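[1] Build the 3D model from these lines:
(chains A, B and C)
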Amino acid sequence: MPELPEVEVLRRSLEPYLVGEEVRRIEVRSPALREPLDAAELERRLAGHRIERLGRRAKYLLVDVDGGSTLAVHLGMSGRLTLVPGETPPERHEHLAIHLASGRKLRLRDPRRFGLAFALATAGVAADGPFAHLGVEPLSDRFSGTALREAARGRRGPVKPFLMDARTVVGVGNIYACEALYRAGIHPSRSVARIARARWNRLAGAVVEVLSDAISEGGTTLNDFRNGAGESGYFQVSLAVYGREGEPCPTCRAPIRRRVHSNRSTFYCPRCQR
DNA sequence: CGTAGACCCTGCGCGC
DNA sequence: TGCGCGCAGGGTCTAC
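    Numbers count the residues shown, from 1 in each chain, chains lettered A, B, ... in the order given. Below you'll find the model as predicted:
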């Protein structure tokens, strides 16, 4: 479900409600996510602590509490994190509820169970465990065409899976990889070894632009993305190619094509993208 | 070493 | 109306 823009929209929507809140208790209703939820660890690191800030690294939402711990949540494909009154009955596939001093609860629902939630020492976010291999943040000033070109050195294969590889740049999933390549006019099957400097620069610019546009429109809602208040986003109406196989390209009217890279659907315009 | 494909899981929409 | 199939925004693991 979520790529970087959706997680960022979620972060911004929850921040004003969560900062200053105190975590009362952790309720693990069903531990089976990609890694089993560790109720004892969540309780030990979070309960009794005050939430100081909400951050994001790649597609992880980070909830920092006082005392030096962080809750990391990854929504996988189908995860949804919402803030509701504490007495709200549990819903189907509600794995985790974090009960807050105000009486509300932050609940994580994830039907497909590809998501993750764990607590760790805040200092570990920079380099530990699941964060260790992550590449550059696309909305940071360390991201550029040069960064992409250098990441591509010694690599082979099509640019589209390269762009979705978190070692290259984080947060770019299937939708925004397709859209960025379209905006940059680069064919998704083009080999990374055959992209000139100017086109790397153009691609980096397109990545920043498409992610920023999506954030400002509240994210993309295809089936079930909602922000922390349960509201949907609007960027899906701005998608030029994703999910539009057979429809005319917004630029040249050629029918949008679909093909598969690494088991993921890729949508592109065969005329505008070379 | 790198890349391509299978796989994890449930739900939904579509065609028959 | 009911059923089977294909597909879904995530990441990781294995085979080559």
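[2] Neighbours of the residue lying closest to A:L100 once chain neighbours are set aside, how many?
    Leaving out its chain neighbours, the residue that sits closest to A:L100 by CB to CB, 6 or more residues apart in numbering is A:E21, at 4.7 Å. Where you see a C-beta, it was placed from the backbone N, CA and C, and this is true even at glycine. By the criterion of other CB atoms under 10 Å, A:E21 has 20 neighbours.
[3] ok, A:E21 - contacts?
    By CB atoms under 8 Å, 6 or more residues apart in numbering, A:E21 lies in contact with A:50-51, A:100-102, A:104.
[4] Okay, the closest residue to DNA strand C within the stretch 101-250 of chain A and A:E15: tell me how far apart.
    Across the stretch 101-250 of chain A, the shortest distance to DNA strand C (CB to the nearest atom of the strand) belongs to A:G173, at 1.6 Å. According to CB to CB, to the nearest Å, A:G173 and A:E15 sit 22 Å apart.
[5] These two - which one has more neighbours?
    Taking other CB under 10 Å, A:G173 and A:E15 do not tie; A:G173 has more neighbours (21 against 15).
[6] Go ahead and confirm that one touches A:M164.
    Yes. Using CB atoms under 8 Å, A:G173 makes contact with A:M164 at a distance of 6.4 Å.
[7] anything in contact with each of the two?
    Common neighbours of A:G173 and A:M164, counting by CB under 8 Å, 6+ apart, are absent.
[8] For the residue of the stretch 1-150 of chain A found nearest DNA strand B, which residues are in contact?
    When distances are taken as CB to the nearest atom of the strand, the stretch 1-150 of chain A reaches nearest to DNA strand B at A:R112, 3.2 Å away. Counting by CB under 8 Å, 6+ apart, A:R112 makes contact with A:76-78.
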